[in-house]
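J.: Give me a 3D structure for the following:
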Amino acid sequence: MGTSVDEAQRIGSIPLLKGQKALVTGANSGIGKATAVGLGRMGADVVVNFVAGADSADQVVREIEAFGVRAYAHQADVSQEDQVGGMVSRMVEELGTVDILVANAGLQRDARLTDMTLAQWQKVLDVNLTGQFLCAREVTKEFLRRGVVPEVSSSAGKIICMSSVHQVIPWAGHVNYAASKGGVQMLMETMAQELAPQRIRVNAVAPGAIRTPINRSAWDTPQAETSLLELIPYGRVGEPEDIARAVGVLASDLLDYVVGATLYVDGGMTLFPGFATGG
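T.: From the prediction side, this is the model:
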């Protein structure tokens with residue numbers, strides 16, 4: 001028997017993450033915002049990381065606090081080692097520990113290969129890949145220090161890397177972004193292999209086309225959306241909340257045996273819809 005919408009909503013309201021402490025990077029807009037709010041709805045205390053846009057970060061904090069949990073905003077550039085260290089240290093001091101990292105912060109600096117500058121290449125790799133490494137390294141130190149607390153979670157800690165369908169789908173004109181996400185896949189899988197014996201779960205979520213500011217040009221006109229839908233077998237553009245729900249369940253003990261996996265949340269984009277009629 002299937003699950004009704006009402007039943008699913010009730011399941012979604014269960015505080016699956018009650019008492020856990022979550023850090024979400026790039027959390028003042030788009031997928032990061034929806035994820036931070038979603039984790040708060042599931043019972044977690046949340047640190048809302050941002051690099052610019054303090055007002056929007058404060059608004060996210062207020063939305064999270066409305067669920068009766070704790071939240072605060074912290075400005076830090078995830079590509080800067082000292083700022084990441086300071087962010088995690090403050091979290092441990094204020095909230096007591098870290099249970100969940102959602103390494104979401106990312107950006108694009110698009111150009112064709114021959115026009116791309118070294119600065120464009122390096123900035124995307126610094127934030128999208130090195131930023132995930134730095135954040136994961138720092139929270140893992142806390143996971144190992146604290147160990148498993150059974151009344152909180154079956155795991156010593158959870159790391160969820162925000163990747164993209166472009167970890168497997170080439171993307172002309174975005175070589176820096178695609179390279180960074182391909183790197184995220186191998187970063188995630190290698191960390192998962194290394195940390196699983198310590199009961200630390202590392203996984204990734206790979207969004208497809210999601211209605212966020214970073215890709216507004218792909219969906220903000222009827223013509224653009226129609227073109228985009230040709231790549232999505234499920235027939236709709238994703239919403240940030242689609243990703244937030246996937247992250248929340250993946251961070252919970254419901255999926256405690258899922259380690260080193262990438263969950264594609266893409267409406268079927270990775271099914272190569274161009275071949276649906278035989279190519």
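J.: List the buried residues of the longest helix along the chain.
T.: Secondary structure of the chain per DSSP state H: the longest helix is helix 175-195. Neighbour counts over helix 175-195 (16 or more other Cβ atoms under 10 Å) mark 175-185, 187-189, 191-192, 195 as buried. C-beta: built from backbone N, CA, C; applies to glycine.
J.: What average pLDDT does that helix get?
T.: Here helix 175-195 scores 98 as its mean pLDDT.
J.: right, and the helix or strand after it?
T.: Reading on from helix 175-195 to the C-terminus, the next helix or strand found by DSSP states H and E is strand 200-207.
J.: Which element is encountered next along the chain beyond that following strand?
T.: By DSSP H and E, the next helix or strand past strand 200-207 is helix 222-229.
J.: How about residues contacting the helix or strand just after that following helix?
T.: Going down the chain from helix 222-229, the next helix or strand is helix 240-251, by DSSP H and E. Applying Cβ atoms under 8 Å, 6 or more residues apart in numbering, the contact partners of helix 240-251 are 12, 16-17, 20, 22, 30-31, 33-35, 37-39, 41-42, 100, 102, 158, 160, 162, 203, 205, 207, 210-212, 255, 258, 263, 265.
J.: Which parts of the stretch 1-150 of the chain are helices?
T.: Assigned by DSSP state H, counting those that start in this stretch, the stretch 1-150 of the chain shows helices spanning 5-13, 30-41, 54-65, 81-95, 118-125, 131-146.
J.: Could you point out which of those helices sits nearest residue 72?
T.: Comparing these against residue 72 with Cβ to Cβ, the closest turns out to be helix 54-65 (6.1 Å).
J.: Surely residue 37 and residue 63 touch.
T.: Yes. At 5.2 Å, residue 37 and residue 63 qualify as touching, with contact defined as Cβ atoms under 8 Å.
J.: Looking at the two, which is more packed in?
T.: Neighbours around residue 37 and residue 63, counted as other Cβ atoms under 10 Å, are more numerous at residue 37. The numbers are 24 against 17.
J.: Roughly how far does the more buried one sit from residue 51?
T.: In this view, residue 37 and residue 51 are 19 Å apart by Cβ to Cβ, to the nearest Å.
J.: Ok, residue 252 next?
T.: 28 Å.
J.: ok, residue 54 - how many residues close by?
T.: Residue 54: 11 neighbours (other Cβ under 10 Å).
J.: quick one, what contacts it?
T.: 73, 75.
J.: pLDDT wise, what is it at?
T.: 98.
J.: would you turn the helices of the stretch 1-150 of the chain into CSV with distance to residue 242?
T.: Converted to CSV, the helices of the stretch 1-150 of the chain look like this (distance: least, Cβ to Cβ, whole Å):
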stretch, distance to residue 242
helix 5-13, 13
helix 30-41, 9
helix 54-65, 18
helix 81-95, 27
helix 118-125, 24
helix 131-146, 21
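J.: packing partners for the longest helix of the chain?
T.: For helix 175-195, the elements it packs on are helix 118-125, helix 131-146, strand 157-162, strand 200-207, judged by 3 or more Cβ pairs under 8 Å, 6 or more residues apart in numbering; DSSP states H and E.
J.: Just name the most buried of the ones you listed.
T.: strand 157-162 (a mean of 27; mean count of other Cβ atoms under 10 Å).
J.: Report the distance from it to the chain centre.
T.: 8 Å (Cα atoms, centre = their mean, to the nearest Å).
J.: go on, stretch 177-186?
T.: 14 Å.
J.: quick one: low-confidence parts of this structure?
T.: Low-confidence segments of the chain, defined by pLDDT under 70: 1-14, 215-220, 279.
J.: and with 80 instead?
T.: 1-14, 213-222, 278-279 (pLDDT under 80).
J.: Surely residue 264 is within a strand?
T.: Yes. Per DSSP: H, G, I helix; E, B strand; the rest coil, residue 264 lies within a strand segment.
J.: Hmm, it is touching residue 206, no?
T.: Yes. If you go by Cβ under 8 Å, residue 264 and residue 206 touch, sitting 4.8 Å apart.
J.: Overlap in contacts, these two.
T.: 165, 270.
J.: Is residue 259 in contact with residue 202, as I believe?
T.: Yes. Residue 259 is within contact range of residue 202, at 7.1 Å (criterion: Cβ under 8 Å).
J.: between the two, what contacts are shared?
T.: 192, 196.
J.: and residue 137, what is it in contact with?
T.: No contacts exist for residue 137 under Cβ under 8 Å, 6+ apart.
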